[in-house]
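Chemist: need coordinates for the below:
(one chain, ligands or ions: 3)
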Amino acid sequence: MKVIVRKTGLSSIPAQLLVLPMVVAKENGKFLPKCERELRALDKQFSGEITRQIKLQEYKAGAGKRLSVMVSQGTKLPVIRTIRLSGVGSEVDAKKNTQPDVWRKLGGDLYRQAKSTKAAQVALSLETTNISSHDKILQAVLEGAYLARYDYDKYKSKKTSAPQKIFQTLTIISQALTPRTAQLAQKQAEIIASAVCSARDLVNCPPSDLSPAQLVREAKRMAQGKGKKRLPLKVFNKKALERLGAGALLAVARGSAKDPYLLHLQFKPKRSRKRVILIGKGITFDSGGLSIKPGTGMEDMKCDMAGAAAVLSVMQALRQLDGANAVHHEVHGIIPIAENMVNEDSVKPGDVVWAMNNKSIEILNTDAEGRLILADALCYAKKLSGDVIIDLATLTGACVVALGSDYAGLFSNSEELTNALRKSGDEQGERLWPLPLASEYRGLMDSKIANIKNIGPGGPGAIIGALFLKDFVPEKVAWAHLDIAGPAFLKKDTDYSSFGGTGFGVRTLISYLQNL
Ligand code: BES
Ligand code: ZN
Ligand code: ZN
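Modeler: Ligands and ions are numbered 1, 2, ... in the order given. Sure, this is the predicted structure:
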């Protein structure tokens, strides 16, 4: 897809689909979609059809509110077939640029409209609003479009992906953009969207085709790059994990014929300021083990490596980002990988295992396996003496009950880290909601025979999961745990995501690292 910049000329745009962002402005005490001079001229050319439809459909142009105006052939503008009015919120919000995700959503809608109206040439005017930072907005729009274009059709004999003829050019009308700034925005959007789509591909892959060993292979592929762009990758296999004493990770994997792994990827820019450690839960399938899950919904447990997929994809993006978008911190990706299955050697409720730091864990529910493999990953991370540790895990169903699929739970021992992650999350449309690391509940995991039990007596499940991890977090490090069980895998289409893996966390982590 080619991006073309034009300074003016809304009325002579060679596009079948024209998208006009609508900002709500206060006029005569009423909130109305703001129609700038150029838009009014366009309306005139279409004999007032735009304003007629706005009135008829009582279109109010709030954020995410959209209206398609079909314009008939034979007018002075034979090329344009559809004008899509796309609400981006109030004038104040647009000026402050406080809602970047609104533009990502607009981009998702723009792509879906192009697909449904079979438009090869699409135009978007940024001059109908008085918003600033057109380059950031273009980036968000393109991210939305690329993400909406994602279609997992690997397992369909007849491919469902949109034909090449759709969305071939995007003409942007903007006084502020130059071809160069537009090109940079496009490159950045491509890197981000391709990282998110890599994570989605990994999550959507059927679990028998993404075993622990296959996930390692994917990690090797993603770490590859030319010359210095290659990310060093250490792979710890079962033998190496035994040597490390990773008893918790090994215990989870015992019920599967497939061996566990621990991956350590590194991104080391020339002059780095901080050292950040990202950890991602990599359970390639979670049957629950002997504490087996009910059949209904078990198929969703192929998503239990969404944290690992996000971390891998972030690492992949880090080696591609350059110039003003480069990350100037050392970043380590730690990924514990196992399959939680059942066989005659499965770990049993009542078993006690030793984590890498010689803490004993009484396993009372084999379905609380994520915290076990993360415990060893956190012990491993300790050796790296990082400034910040962030883990991403589809950890608890309780978090989905608490927050649904639009929010991830955010637990942290640092207010600064909480604020930074939430700011990035809001900008990126990946919302994080703080939940407490309530030390009052730690006693619920006291074990009669070991240092800790892997479950509490029920109750605040998401908090218990986070508190368990806290026992393995190195002291004095800023740590955040993102429970992404809700937003990692969706059962519905949204503006720029579709059924299945969402790649949740990828954009937030990249933005966090860029702003750190
Ligand atoms: N992988 C699940 C959590 C999950 C649930 C992820 C829904 C995605 C969607 C996790 O390993 C698990 O099974 N957790 C248990 C913990 C319980 C046994 C304390 C749960 O949430 O039921
Ligand atoms: Zn489980
Ligand atoms: Zn799990």
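
Chemist: show me the shaky parts of the stretch 251-400 of the chain.
Modeler: In the prediction, the stretch 251-400 of the chain carries no residues with pLDDT under 70.

Chemist: for it, what lies in contact range of ligand 2?
Modeler: By C-beta under 5 Å from the ion, the residues of the stretch 251-400 of the chain that approach ligand 2 are 286, 367, 369. Using the backbone N, CA and C atoms, a C-beta is placed for each residue, glycine as well.

Chemist: keep those residues, but drop any that are not near ligand 3.
Modeler: Asp286.

Chemist: highest neighbour count among the residues of the stretch 251-400 of the chain next to ligand 2?
Modeler: Among these, the one with the most neighbours (other C-beta atoms under 10 Å) is Glu369, at 30 neighbours.

Chemist: whichever strand or helix holds Gly333 - contacts with which helices or strands?
Modeler: Using DSSP states H and E, Gly333 falls within strand 330-340. On a contact count with 3 or more C-beta pairs under 8 Å, 6 or more residues apart in numbering; DSSP states H and E, strand 330-340 meets helix 212-223, helix 247-253, strand 261-267, strand 275-280, strand 282-286, helix 306-318, helix 370-382.

Chemist: so how far is that strand off the chain centroid?
Modeler: 17 Å (C-alpha atoms, centre = their mean, to the nearest Å).

Chemist: do stretch 24-36 as well
Modeler: 34 Å.

Chemist: just the endpoints, please. Distance across that stretch?
Modeler: 12 Å (C-alpha to C-alpha, to the nearest Å).

Chemist: next SSE after the helix or strand where Ile463 lies?
Modeler: Here Ile463, judged by DSSP H and E, is contained in helix 461-470. Beyond helix 461-470 on the C-terminal side, the first helix or strand identified by DSSP H and E is strand 478-483.

Chemist: and the average pLDDT for that next one is what?
Modeler: Mean pLDDT, strand 478-483: 98.

Chemist: past the strand holding Gly333, which element shows up next along the chain?
Modeler: Assigned by DSSP H and E, the successor of strand 330-340 is strand 351-354.

Chemist: sheet partners, orientation included, of that following strand?
Modeler: According to DSSP bridges, strand 351-354 forms sheet pairs with strand 360-363 (antiparallel).

Chemist: now the helices and strands packed on strand 330-340 in JSON lines, with distance to Val327?
Modeler: Shown next, in JSON lines, are those (distance: least, C-beta to C-beta, whole Å):
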{"stretch": "helix 212-223", "distance to Val327": "16"}
{"stretch": "helix 247-253", "distance to Val327": "28"}
{"stretch": "strand 261-267", "distance to Val327": "7"}
{"stretch": "strand 275-280", "distance to Val327": "9"}
{"stretch": "strand 282-286", "distance to Val327": "23"}
{"stretch": "helix 306-318", "distance to Val327": "5"}
{"stretch": "helix 370-382", "distance to Val327": "19"}
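
Chemist: quick check: which of the ones you listed is nearest to Leu482?
Modeler: Closest approach to Leu482 among the helices and strands packed on strand 330-340 (C-beta to C-beta): helix 306-318, 7.9 Å.

Chemist: who are the packing partners of that closest one?
Modeler: helix 179-204, helix 212-223, strand 261-267, strand 275-280, strand 330-340, strand 388-393, helix 506-515.

Chemist: in the stretch 351-500 of the chain, which residue sits nearest ligand 2?
Modeler: Closest contact between the stretch 351-500 of the chain and ligand 2, by C-beta to the ion, is at Asp367 (3.8 Å).
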